[in-house]
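Student: only geometry, no sequence info:
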């Protein structure tokens, strides 16, 4: 393996094999202060002012596994692995755990179940596809409060993943979808509920 540049704002900046190191140098590793990870033995190095590799330790150190919320830091094997254990909530999918599949949703159609009594839905994902060009308006049941409007191209699935907390405005309400024209659609909404 030869030296592989990962990027300026990455850690490590380079990867290589331990056998690529010759006399404390790796051919091509010439950016002072950048880090190199030898992937075969998990060793870290920093490129010093003489372009030599010096042993490097990450800014944190621990033994075993440390859990921080939904993130797991695992030191096993010396690889400083970071593992995302997923969302910190339990999601529900579709209506009663099934996708909504219909040939016509030109009238408001429920695409979620109801939240727990007295709570509001938090929408985390919407996966939608259609065999027809259309737009679909996602809104709160009965209140008509809009969540989003998606413009779909026939045969091209769309995955809407909000980067913020999309909480419906009213308690005890489902999310509905209404299309601009009739056509076969499949919609799976992932959500959870909270007060």
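Tutor: Structure's in. What do you need? A quick note: this is a predicted structure, and the numbers were derived from the prediction, not measured. Numbering: from 1, shown residues only.

Student: Low-confidence ranges, the chain, go.
Tutor: For the chain, applying pLDDT under 70 flags the ranges 1, 8-11, 58-88.

Student: Check it for me, the residue farthest from its geometric middle.
Tutor: Relative to the centre of the chain, the most outlying C-alpha is that of residue 23, 41.6 Å out, by C-alpha atoms, centre = their mean.

Student: so how far is residue 154 from that one?
Tutor: Distance of residue 23 to residue 154, computed by C-beta to C-beta, to the nearest Å: 61 Å. Every residue, glycine included, has its C-beta placed from N, CA and C.

Student: next one: residue 94
Tutor: Distance check for residue 94 against residue 154: by C-beta to C-beta, it reads 22 Å.

Student: Could you check which of those two has the larger neighbour count?
Tutor: Per other C-beta atoms under 10 Å, whichever of residue 94 and residue 154 has more neighbours is residue 94, with 20 against 12.

Student: Pretty sure that one sits against residue 111.
Tutor: Yes: contact criterion C-beta atoms under 8 Å: residue 94 and residue 111 qualify, at 7.1 Å.

Student: between the two, what contacts are shared?
Tutor: The contact sets of residue 94 and residue 111 overlap at 100, 187, 189 (C-beta atoms under 8 Å, 6 or more residues apart in numbering).

Student: you'd agree residue 19 is in a helix?
Tutor: Yes: assessed with DSSP: H, G, I helix; E, B strand; the rest coil, residue 19 lies in a helix.

Student: and it, how many neighbours?
Tutor: Residues lying near residue 19 (other C-beta under 10 Å) number 10.

Student: dump the residue contacts of it.
Tutor: Residue 19 makes contact with residue 40, according to C-beta under 8 Å, 6+ apart.

Student: Next up, the contacts around residue 41.
Tutor: Contacts for residue 41 were tallied using C-beta under 8 Å, 6+ apart; they are residue 18.
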